[in-house]
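*Asks:* sequence and computational prediction follow.
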Amino acid sequence: MKMNASEAKQQIEALRKELERYNYEYHTLDAPSVSDYEYDKKMRELIDLEEQFPDLKTPDSPSQRVGGAPLEAFEKVRHDIPMLSLGNSFDEQELRDFDRRVRQGTDADVRYVCELKIDGLAVSLRYENGIFVRGATRGDGTTGEEITSNLRTIRNIPLRLTEPETIEVRGEAFMPKRSFVALNEAREKEEAEPFANPRNAAAGSLRQLDPKIAAKRNLDIFLYGVGLWENDPTDSHSDRLHKLKELGLKTNPEWKLCEDIEEVIEYVNSWVERRPDLDYEIDGIVIKVDRLDQQESLGFTAKSPRWATAYKFPAEEAVTVLRDIELSVGRTGVVTPTAILDPVKVAGTTVQRASLHNEDLIREKDIRIGDTVVIKKAGDIIPEVVRVLEEHREEEAELFAMPETCPECDSKLVRLEEEVALRCINPNCPAQLREGLIHFVSRNAMDIEGLGEKVIAQLFQEELIHNIADLYKLEREELLQLERMGEKSVQNLLTAIEKSKENSLERLLFGLGIRYVGTKAASTLAQYFETMDRLMEADAEALEQIPEIGEKMADSIARYFAKPQVVELIDELKELGLNLEYNGPRQTEGPADSPFKDKTIVLTGKMENFTRGEAKKAVEELGGNVTGSVSKKTDLLIAGEDAGSKYTKASDLGIEIWDEQQFSDALSQVK
């Protein structure tokens with residue numbers, strides 16, 4: 001029977017409600033009320049109706065979970081509230097230390113919420129008036145990638161909340177163990193490389209440009225937190241977890257509210273043993289202060305909240321045989337030995353390589369080729385050799401010695417003063433050039449999408465690039481000759497390379513790989529000098545005057561820009577059209593009478609009327625520069641209660657110190 005638009009709308013709305021209820025029962029409650037056949041039949045009916053009446057298709061329809069058209073690229077998303085990482089605790093004493101710091105920072109009794117730490121991909125979901133409108137990865141904590149189309153394919157994510165809330169929720173998308181096994185079995189049949197672990201598989205699935213691929217991977221999610229919430233009715237984290245569940249969002253049922261740290265430790269220990277029984281991977285327990293007002297008063301460090309910690313499970317160990325030691329050369333010329341092992345399972349993944357760090361460590365542990373060794377995953381991530389089982393040592397076990405020349409370019413290796421590492425100092429060493437380019441195109445540097453390690457290796461092998469400038473000279477025809485590079489891939493790559501020319505100066509500075517210069521120092525330098533030319537003119541003494549640029553870093557920067565080949569490279573990049581100026585946000589100058597103007601200020605201790613963030617913002621708005629540590633460059637220390645070692649150091653250096661009252665008075669006078 002043919003329907004009119006009004007009848008179709010009613011039928012579509014009824015089908016959507018029915019299908020969402022089935023989704024919730026099956027995926028969240030694990031209590032399906034209909035068969036798969038009945039569900040599929042209803043879904044087919046909905047899709048047919050939406051095809052007949054395309055104007056009635058909406059983003060919150062269950063039909064959108066099958067995946068839409070492939071994307072060209074992921075857009076960047078800036079998080080309104082940063083998605084910070086957590087500090088780690090590795091044993092009971094560190095948990096008690098965390099508890100002591102928390103209790104020192106708040107007056108009232110403290111209760112904690114413990115949650116399983118899911119080993120997946122952190123994501124953010126935004127709902128407006130109850131409708132799911134955007135999903136993003138955590139990224140670097142400040143900026144992530146929009147992956148809305150892929151997240152819609154996860155059936156545990158409601159496309160419409162039970163109430164018309166405007167809220168950003170945060171959680172962990174993951175791949176259940178059964179989905180992981182099925183995926184790898186399918187990949188092996190296709191002769192594709194299997195994924196190493198469920199976390200990599202989940203992350204890889206959500207970063208596919210074709211949402212249909214993500215839809216086939218059977219991902220899952222647990223929501224555990226909130227970013228912005230317009231009408232937050234809760235006053236504790238435990239209340240929030242209950243409320244998220246009421247809104248139709250899936251939370252992990254294994255969380256527990258604990259009265260004290262001893263109950264927390266009991267909960268942690270219970271999961272060390274029960275961990276393998278879960279159908280998903282966990283790598284620890286997250287412990288959070290329950291009351292939101294206490295969280296706010298405790299505040300944040302630069303990288304993590306003071307009111308939460310992640311207990312990391314002890315690394316799993318395994319025994320295997322060390323068959324060989326390989327050498328690799330990094331972008332700074334450091335030669336690193338790596339153990340080649342008989343394959344062995346550790347923490348759910350197969351390990352065949354492990355870090356040996358340097359020659360001194362090999363000697364200290366008396367590691368020989370052919371030894372039976374114990375390996376573990378440090379923080380469940382990087383495999384390393386813990387010790388040798390000497391009782392199993394064979395007579396033919398070989399002593400290992402580092403070579404005198406670079407394994408890549410045959411130049412003489414050197415050991416710089418106060419370093420244990422051997423270095424190749426040949427600036428034209430192909431390994432250093434290759435690794436330097438991989439760093440240059442990475443996300444925190446020039447962020448050139450499509451230029452991964454394999455593509456860089458191909459470009460080197462075909463001698464299409466030798467240095468950074470060559471990236472900007474690549475041509476379509478030569479790229480099309482490369483393996484697995486079709487018309488669309490080449491166009492996307494050339495577009496990404498061209499777009500990177502517009503990056504602000506700090507990205508280029510970090511990408512150049514100047515020794516000791518990380519992302520923060522690169523940003524500080526770019527803001528201070530504003531142009532590459534001004535930075536290149538500065539000597540070590542001038543560089544040392546900048547807050548947070550120490551003597552060692554200043555010397556490294558000055559030496560770098562004094563090299564003729566670097567000057568030549570910068571000139572070439574300029575000719576190729578790269579932006580060499582800072583175009584990010586400027587530091588506020590502040591009024592002329594500001595007591596903080598152009599001063600370097602350190603905040604320490606607990607204030608009664610300001611959170612650390614509020615005090616920092618006030619100083620910066622008045623032209624000051626807030627840094628994290630006291631040094632001879634510090635002009636002023638603002639100290640609250642329990643100021644500790646920073647207060648002592650400032651006193652020893654004769655630095656001016658204010659208490660909270662003096663800080664408040666100064667702010668009032670300027671206003």
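*Replies:* Okay, I see it.

*Asks:* use CA for all of it now, contacts and neighbours both
*Replies:* Will do.

*Asks:* quick one: buried residues of the top helix by length along the chain?
*Replies:* Looking across the chain with DSSP state H, the single longest helix is helix 5-23. Using 16 or more other C-alpha atoms under 10 Å as the test for burial, helix 5-23 gives 8-9, 12, 15-16, 19-20, 22-23.

*Asks:* out of those residues, which one sits closest to residue 559?
*Replies:* residue 23 (61.6 Å; C-alpha to C-alpha).

*Asks:* with adjacent residues omitted, what lies nearest to the closest one?
*Replies:* residue 155 (6.5 Å; C-alpha to C-alpha, 6 or more residues apart in numbering).

*Asks:* and the next element down the chain from the helix or strand that contains residue 245?
*Replies:* In this structure, residue 245 is located in helix 237-246 according to DSSP states H and E. Note on helix 237-246: by DSSP H and E, the next helix or strand toward the C-terminus is strand 256-258.

*Asks:* which helices and strands does that next one pack with?
*Replies:* strand 112-118 (3 or more C-alpha pairs under 8 Å, 6 or more residues apart in numbering; DSSP states H and E).

*Asks:* now do the strand it packs on against helix 237-246, angle only.
*Replies:* 50 degrees (axes from the mean of the first three to the mean of the last three C-alpha atoms, to 10 degrees).

*Asks:* sheet partners, orientation included, of strand 112-118?
*Replies:* Strand 112-118 sits in its sheet next to strand 256-258 (antiparallel), strand 282-289 (antiparallel), going by DSSP bridges.

*Asks:* what's next to the longest one, contact-wise?
*Replies:* What it means is strand 282-289. 110-119, 237, 264, 268, 275, 295, 307-313, 380 (C-alpha atoms under 8 Å, 6 or more residues apart in numbering).

*Asks:* how is the protein divided into domains?
*Replies:* 5-57, 87-312, 317-394, 430-500, 505-575, 600-670 (automatic domain parsing).

*Asks:* could you give me the average pLDDT of the second one?
*Replies:* Right, the one you point to is domain 87-312. Averaged across domain 87-312, the pLDDT comes to 90.

*Asks:* ends of that domain, what's the gap?
*Replies:* Start-to-end span of domain 87-312 (C-alpha to C-alpha, to the nearest Å) is 10 Å.

*Asks:* what's the answer for the shortest one, then?
*Replies:* Terminal residues of domain 5-57 lie 12 Å apart, using C-alpha to C-alpha.

*Asks:* mind listing the strands for the stretch 251-400 of the chain?
*Replies:* Ranges of strands in the stretch 251-400 of the chain, per DSSP state E, counting those that start in this stretch, are 256-258, 282-289, 308-312, 317-329, 335-346, 349-355, 372-378, 382-388.

*Asks:* can you lay out these as TSV showing mean neighbour count?
*Replies:* TSV is the format used below for the strands of the stretch 251-400 of the chain (neighbours: other C-alpha atoms under 10 Å):
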stretch	mean neighbour count
strand 256-258	18
strand 282-289	24
strand 308-312	23
strand 317-329	19
strand 335-346	19
strand 349-355	18
strand 372-378	21
strand 382-388	20
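
*Asks:* and these: which comes nearest residue 535?
*Replies:* Going by C-alpha to C-alpha, the one of the strands of the stretch 251-400 of the chain nearest residue 535 is strand 317-329, 29.2 Å.

*Asks:* the closest residue to residue 412 other than its chain neighbours: what's it in contact with?
*Replies:* With sequence-adjacent residues excluded and distances taken as C-alpha to C-alpha, 6+ apart, residue 412 is closest to residue 405, at 4.3 Å. Counting by C-alpha under 8 Å, 6+ apart, residue 405 makes contact with 411-413, 424.

*Asks:* ok, 6 Å please
*Replies:* Applying C-alpha atoms under 6 Å, 6 or more residues apart in numbering, we find residue 405 in contact with 411-413.

*Asks:* what separation do you get for residue 498 and residue 473?
*Replies:* Distance from residue 498 to residue 473, by C-alpha to C-alpha: 10 Å.

*Asks:* and what of residue 431?
*Replies:* 21 Å.

*Asks:* next one: residue 142
*Replies:* For residue 142 relative to residue 473 (C-alpha to C-alpha), the value is 32 Å.

*Asks:* ditto for residue 635
*Replies:* 47 Å.

*Asks:* who's more crowded, the two?
*Replies:* Legend: neighbour count by other C-alpha atoms under 10 Å for residue 635 and residue 473, higher for residue 635 (19 against 13).

*Asks:* who's the residue nearest to the more buried one when sequence neighbours are not counted bridged to?
*Replies:* Closest residue to residue 635 apart from its sequence neighbours, by C-alpha to C-alpha, 6+ apart: residue 600 at 5.2 Å. Legend: beta-bridge partners of residue 600 under DSSP bridges are residue 625.

*Asks:* name the element residue 435 belongs to?
*Replies:* Counting by DSSP H and E, residue 435 is found in helix 430-440.

*Asks:* output the helix or strand that that helix is followed by in PDB with nothing but the alpha carbons.
*Replies:* Counting by DSSP H and E, the element after helix 430-440 in chain order, helix or strand, is helix 453-461. In PDB, the C-alpha atoms belonging to helix 453-461 read as follows (Å, rounded to 0.1, in the frame of the first residue of the first chain):
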ATOM      1  CA  GLU A 453      56.600   5.800   7.900                       C
ATOM      2  CA  LYS A 454      55.900   3.400   5.000                       C
ATOM      3  CA  VAL A 455      55.400   6.200   2.500                       C
ATOM      4  CA  ILE A 456      58.500   8.100   3.700                       C
ATOM      5  CA  ALA A 457      60.500   4.800   3.400                       C
ATOM      6  CA  GLN A 458      59.200   4.400  -0.200                       C
ATOM      7  CA  LEU A 459      60.100   8.000  -1.100                       C
ATOM      8  CA  PHE A 460      63.600   7.400   0.200                       C
ATOM      9  CA  GLN A 461      64.000   4.100  -1.500                       C
END
